[in-house]
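Student: Sequence below, structure please.
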Amino acid sequence: MSLNSIFLKLLQMSPSACWMTAAVILLRFLFKNAPKNMRCILWGLAGLRLVCPFSIESVFSLIPRTETSSQPLLLSRASDSMPAAYPPSGGSHLTAEFLQTFPSAPDTSASDSMRTLLTVCTTVWAAGAAVFILYALISSLVLYHRLRESIWLKENIWLCDRIDAPFIYGIFRPRICLPSDIQASCAAYATAHEKAHLARHDHWTKLLGYLLLAVYWFHPAVWAAYILFCKDIELACDEKVIQNFDMHSRKEYSAALLELSISRRTLAACPPAFSEGNVKERVKEVLHYKKPALWVLLAASVCCIAFAACFLTDPVSGKTPSIQNTDSEQYRFTEKWARAFINRDGKAISQMLAKSQYEEWGFQPDSDYYSFGFSSPWPWDDEQDYVIRSVTEEGAEVLYYAHTSDPHVTVWKDTLAFGTENGSLKVVKSGLYCFDEISSRAEFMDACPEIKNTGMDYLANGLAAALEQNAPQYAEELDRILKNPETAAVFLLNLSPDNRKTSVTLKSIDEKQQNAIVEAVFAKDNSHVEISMYSPKKGGIWIPQDAR
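Tutor: A predicted model of the protein is given here:
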């Protein structure tokens, strides 16, 4: 995977950081008296979201998703409405005007500008991340130089003249480092605090948090999350140490915090230090500490589980749902509607329409003429050229695969609303949306939740062979478009040919296996889709096979 691809993936994942950081901040405020360890768990879940390249879809997700807005009765760029007694004449999707919207070569000036901008942004991001890593390494080397003269005291505790505050040094064999001049009354509390850090593995989690900040250094929400996370691990550690202290011991612990307090103005990569963070807040928390009630512990646990369910998952995408009850009246009605639509059976459609919809479709209640639609593009096969996406008591959603004779396939989404009229199920509202210039991931997943073995699978439906034969005869431009995996993906999957909206780049190609991977990046929502392309014949056209 190239650096550009990694950077684009980070940009795609980064919006969730804003939502998760805001959610954790809100929960910190609402659950002030909850165990401070709960905050650390929440930050850990937020970090997990930012490093995990995939997530589970869930109806509980609170991460926003850009939806495709259906435009009722919209069929193509050339026509305002589809259903009509005398519809506008249909034509091939492959008009000369349409083909001219494609670049004459894969690398146009607009595409070059976008790639150059992407390369510059990726370089700046990589340089920033490298600076963070270098800073951590240099800080570690400086600290190592200071600790060379340390004296072993006992166990894993060392004394050093050149430090002014207790902290943990090391990852695999961590040491507790104390200033040589530390007072005995402070040493015991400082040691207990650092041992609590080790027991909680904070020397690991803080390092991981810093590495995450190094990767997302450009994101303000990640900065806020890291700063609050560092404060919360200190509060959680204090709480672990003092949970069995009486008031006298807590006062002494607070005095030790004040005695060893340091003002750290630089970014702390590691290690966890006894007197780091907002000492005033920590002292206040220590002196006012009360063991949380059982109901608070239970509420905090439920809160963490709910947070994971809502923010570690994505909204359910447009993938084809599994329709359980195919024997329902609504499902059979939808199936009948889809077949009548494909067959342009106006009489059957009129019998399923509510009277209020007749005018929309151009039907006359007292007439026997029920014509609608046109010859091309149109779905051909009433068995294969539609997919029922969803069916409820209120309505249904159907995808149609509309063909031209060239051939080319465009996806239409038919949204139906059900009602009753004279005791019979009727369509009281319908809207047809044509995905002819896809410019967002949400639109893409709405139009192509699946490619393989659907109407968009040019290999399975036999259209690849027809394209291979027809393209050179139809137009030299079309032949050139289809013989490049990038432009073929744009054309065959109905992506916007405008590079300012949708930029498609080649990620990898295996000419021996005749496979390629292209990536479509959508400017509208800063999202992307990876598309697998296949060439049935060496040196021939490319067709889409899968997308994710």
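Student: For the stretch 351-500 of the chain, just list every one of the helices.
Tutor: 358-361, 441-447, 463-474, 476-482, 485-492 (DSSP state H, counting those that start in this stretch).
Student: Counting by contacts, list what the helix or strand hosting residue 226 packs against.
Tutor: Assigned by DSSP states H and E, residue 226 belongs to helix 220-242. For helix 220-242, the elements it packs on are helix 15-30, helix 36-51, helix 184-200, helix 202-215, helix 247-259, helix 279-287, judged by 3 or more Cβ pairs under 8 Å, 6 or more residues apart in numbering; DSSP states H and E. All C-beta atoms are positioned from the backbone trio N, CA, C, and that covers glycine.
Student: coming back round to it: indicate which one of the helices of the stretch 351-500 of the chain is closest to residue 164.
Tutor: helix 441-447 (51.9 Å; Cβ to Cβ).
Student: show me where pLDDT drops low in the chain?
Tutor: Per-residue confidence for the chain (pLDDT under 70) gives these ranges: 1-2, 65-115, 262-277, 316-325, 365-369, 406, 470-476.
Student: Can you show me the strands along it?
Tutor: With DSSP state E as the definition, the chain shows strands at residue ranges 56-57, 151-154, 157-160, 167-169, 175-179, 313-314, 386-391, 395-404, 408-421, 424-435, 502-510, 515-522, 527-534, 543-547.
Student: Can you list the strands that the second one pairs with?
Tutor: The one in question is strand 151-154. strand 157-160 (antiparallel) (DSSP bridges).
Student: quick one: stretch 427-447 to chain centroid distance?
Tutor: Between the mean C-alpha location of stretch 427-447 and the chain-wide mean there is a distance of 20 Å, by Cα atoms, centre = their mean, to the nearest Å.
Student: would you list the helices of the stretch 351-500 of the chain in JSON lines and tack on mean neighbour count and distance to residue 314?
Tutor: As requested, the helices of the stretch 351-500 of the chain are arranged in JSON lines below (neighbours: other Cβ atoms under 10 Å; distance: least, Cβ to Cβ, whole Å):
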{"stretch": "helix 358-361", "mean neighbour count": "16", "distance to residue 314": "36"}
{"stretch": "helix 441-447", "mean neighbour count": "23", "distance to residue 314": "11"}
{"stretch": "helix 463-474", "mean neighbour count": "17", "distance to residue 314": "32"}
{"stretch": "helix 476-482", "mean neighbour count": "19", "distance to residue 314": "33"}
{"stretch": "helix 485-492", "mean neighbour count": "24", "distance to residue 314": "24"}
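Student: and of those, who's closest to residue 163?
Tutor: Distances from residue 163 to each of those were compared using Cβ to Cβ; the shortest belongs to helix 441-447, at 50.8 Å.
Student: for that closest one, packing partners?
Tutor: Packing partners of helix 441-447 (3+ Cβ pairs under 8 Å, 6+ apart): strand 408-421, strand 424-435, strand 515-522, strand 527-534.
Student: can you redo these as JSON lines with distance to residue 161?
Tutor: Listed next are those as JSON lines, based on distance: least, Cβ to Cβ, whole Å:
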{"stretch": "strand 408-421", "distance to residue 161": "73"}
{"stretch": "strand 424-435", "distance to residue 161": "71"}
{"stretch": "strand 515-522", "distance to residue 161": "56"}
{"stretch": "strand 527-534", "distance to residue 161": "54"}
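Student: could the ones you listed be laid out in CSV, adding mean neighbour count and distance to residue 490?
Tutor: Below are the helices and strands packed on helix 441-447 laid out as CSV (neighbours: other Cβ under 10 Å; distance: least, Cβ to Cβ, whole Å):
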stretch, mean neighbour count, distance to residue 490
strand 408-421, 19, 12
strand 424-435, 19, 13
strand 515-522, 21, 8
strand 527-534, 21, 10
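Student: Out of those, which gets nearest to residue 207?
Tutor: Comparing the helices and strands packed on helix 441-447 by their distance to residue 207 (Cβ to Cβ), the top pick is strand 527-534, with 30.1 Å.
Student: Mind giving me the packing neighbours of the closest one?
Tutor: For strand 527-534, the elements it packs on are helix 3-13, helix 441-447, helix 485-492, strand 515-522, strand 543-547, judged by 3+ Cβ pairs under 8 Å, 6+ apart.
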